[in-house]
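Chemist: Sequence first, predicted coordinates after that:
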Amino acid sequence: MINTEIKNTGGTLAPGLKEILEGYVERGEIPGLAALVSRNGMVQVETAGTLALGENVPVQRDSIFRISSMTKPVTAVAAMILVEECKLRLDDPVDIWLPELADRKVLKKVDGPLSETVQASRPITLRDLLTLRMGMGHLLNFNGTYPIQLALQKYGILQGPPKPQHWPSPDKWIEQVGSLPLMYQPGEMWMYDLGLDVLGVLIARAAGQSLETFMQERIFGPLGMKDTAFSVPETKIGRLATSYMPDYKTGKLSVYDEAEGGQWSRPPAFPMGSAGLVSTVDDFQAFGQMMLNKGRYGDTRILSRPTVELMTTNHLTRKQISGWELFLGESSGWGFGMSVDIQRANLWSKPGNFGWSGGMGSTWACDPAENLTGILLTQVGWTSPEPPRVCSDFWTCIYRNIG
């Protein structure tokens, strides 16, 4: 299903984009990719390469990719649907749905013993989860040597690229999270990832159905996102790209996840709200266009205009994201489940733009002033929180053609 407001022209909104992207494939940096640009009722799609190294199956417009952290804004939309239905409230404690997180203790020192804690100053709220300020998540100490990090490693929490078949049930997972103290007071610091996974558990309990079922019924179905899910059925597995991770020093690619028999070839026990989805460029364009249209897609309304405006507003202070500029950049803040540009820093970021990227090789953003959506899906993971050159080249090719 293609948005009736978008004309599939196959035209050149971004002249030269195809050649730039094909260069990455020809140099062996990326086996295959799919890109989409939509603006003012027109769309351009480019594909290059193959679904796997050493194979001859080309990437097509409907090829399926793991979008990892591009799952976050989708989970945030699911939560705000429940807010609009008054089943959840932004500033209510989450304890009613997540008793495992009630009566929180907080580490006296983030690198200190787990036994040295103080009482949390207040409960965790839905707003904390949406803005990643629940008080637990990744730390800037990437060596993973703090006692709290070792405890998280023991449970397999916050362990690099997603591995859906390694995750326990949502109830078991949230029990493990609740057994550990917070790293910071609720609302104090932006900390990546964990809050959106907790949010997925909250949504499922408040909705009375699994996160995936709720998303299928309330987001994917209405938007015609027929290939977006937390796993790929056997009938579609031939369209799923193999996932690779590059060597940090040499760039040599090694297989991270196969398509057939891989981590996404069967449903996970726990659909992770931070990084579990697969999708296609057309599917995610429908989601992006809905956000650009302030919650509307064709004749279907997913959210209200005020809700989308709230989601795409920065909710963080510079102090709350101090040290995390590698993730967000100097020019960005954080809304609900996605980054929000707050100042101009390059060709493609300016106040009002919003979106997010996925560490397994994807990026998405919307520019309301230009009525523009860009989506790039690749099968090569990132070696750093800073986006690889293919992402910056993708955005440069789009914006250099805007008159």
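Modeler: Perfect, I can see it now.

Chemist: and the closest residue to residue 324 other than its chain neighbours, how many neighbours?
Modeler: Spatially, and ignoring its direct neighbours in sequence, residue 324 is nearest to residue 190 (5.9 Å; C-beta to C-beta, 6 or more residues apart in numbering). C-beta here means a position set from N, CA and C on the backbone, and glycine is covered the same way. When neighbours are counted by other C-beta atoms under 10 Å, residue 190 registers 23.

Chemist: got a list of what residue 190 touches?
Modeler: With contacts taken as C-beta atoms under 8 Å, 6 or more residues apart in numbering, residue 190 has the following neighbours: 131-133, 316, 320-321, 324, 328, 334.

Chemist: could you redo the last one with a cut-off of 6 Å?
Modeler: Neighbour list for residue 190: 132-133, 316, 320-321, 324 [criterion: C-beta atoms under 6 Å, 6 or more residues apart in numbering].

Chemist: On the three-state scheme, it is what?
Modeler: Under DSSP: H, G, I helix; E, B strand; the rest coil, residue 190 falls in the coil class.

Chemist: backbone phi and psi for it, please?
Modeler: The phi and psi values for residue 190, taken as degrees, to the nearest 10, are phi -80, psi 130.

Chemist: Tell me the spacing between it and residue 67.
Modeler: Remark: distance between residue 190 and residue 67 (C-beta to C-beta, to the nearest Å) = 22 Å.

Chemist: ok, now which ones touch the spatially closest residue to residue 268 that is not a sequence neighbour?
Modeler: Closest residue in space to residue 268, ignoring its immediate chain neighbours: residue 164 at 3.6 Å, by C-beta to C-beta, 6+ apart. Going by C-beta under 6 Å, 6+ apart, residue 164 touches 263, 268, 276.

Chemist: how does it look with 10 Å?
Modeler: With contacts defined as C-beta atoms under 10 Å, 6 or more residues apart in numbering, residue 164 is in contact with 66, 230-231, 257, 262-272, 275-276.

Chemist: returning to that earlier point: and the residue nearest to residue 324, how close does it get to residue 293?
Modeler: As for residue 190, its distance to residue 293 is 28 Å (criterion: C-beta to C-beta).

Chemist: what's the answer for residue 273, then?
Modeler: Counting by C-beta to C-beta, the gap from residue 273 to residue 293 is 24 Å.

Chemist: With neighbour numbers in mind, choose between those two.
Modeler: Counting neighbours by other C-beta under 10 Å for residue 273 and for residue 293 shows that residue 273 has the greater number, 31 against 18.

Chemist: element containing the more buried one, please.
Modeler: Using DSSP states H and E, residue 273 sits within no helix or strand.

Chemist: Would you enumerate the residues in contact with the closest residue to it other than its chain neighbours?
Modeler: Spatial nearest neighbour of residue 273, excluding adjacent residues (C-beta to C-beta, 6+ apart): residue 200 at 2.7 Å. Listed by C-beta under 10 Å, 6+ apart, the contact set of residue 200 reads 71, 75, 78-79, 129, 170, 173-174, 210-212, 214-215, 270-274, 276.

Chemist: what does residue 131 give?
Modeler: Residues in contact with residue 131 (C-beta under 10 Å, 6+ apart) are 76, 90, 125, 187, 190, 195, 314-316, 320, 333-337.

Chemist: among those residues, which are in strands?
Modeler: Among those, DSSP state E puts 333-334 in strands.

Chemist: re earlier: which one of the contacts of residue 190 has the most neighbours?
Modeler: Using other C-beta under 10 Å as the neighbour criterion, residue 132 leads the contacts of residue 190 with 29 neighbours.

Chemist: Please report phi then psi for it.
Modeler: Here is the backbone geometry of residue 132 (degrees, to the nearest 10): phi 60, psi 40.

Chemist: With residue 110 instead?
Modeler: Backbone torsions of residue 110, given as degrees, to the nearest 10, read phi -60, psi -30.

Chemist: Check the burial of it by counting its neighbours.
Modeler: Neighbourhood size, residue 110 [other C-beta under 10 Å]: 17.

Chemist: which sections of the protein are below the confidence cut-off?
Modeler: 1-11 (pLDDT under 70).

Chemist: Kindly recompute the last result at 80.
Modeler: Counting by pLDDT under 80, the chain has low-confidence residues at 1-11, 141-144, 159-160, 325-327, 329-330, 403.

Chemist: what ranges do the helices span in it?
Modeler: Secondary structure of the chain, counting by DSSP state H: helices at 17-26, 71-84, 126-130, 147-155, 170-178, 194-207, 211-215, 221-223, 281-292, 305-311, 325-328, 389-399.
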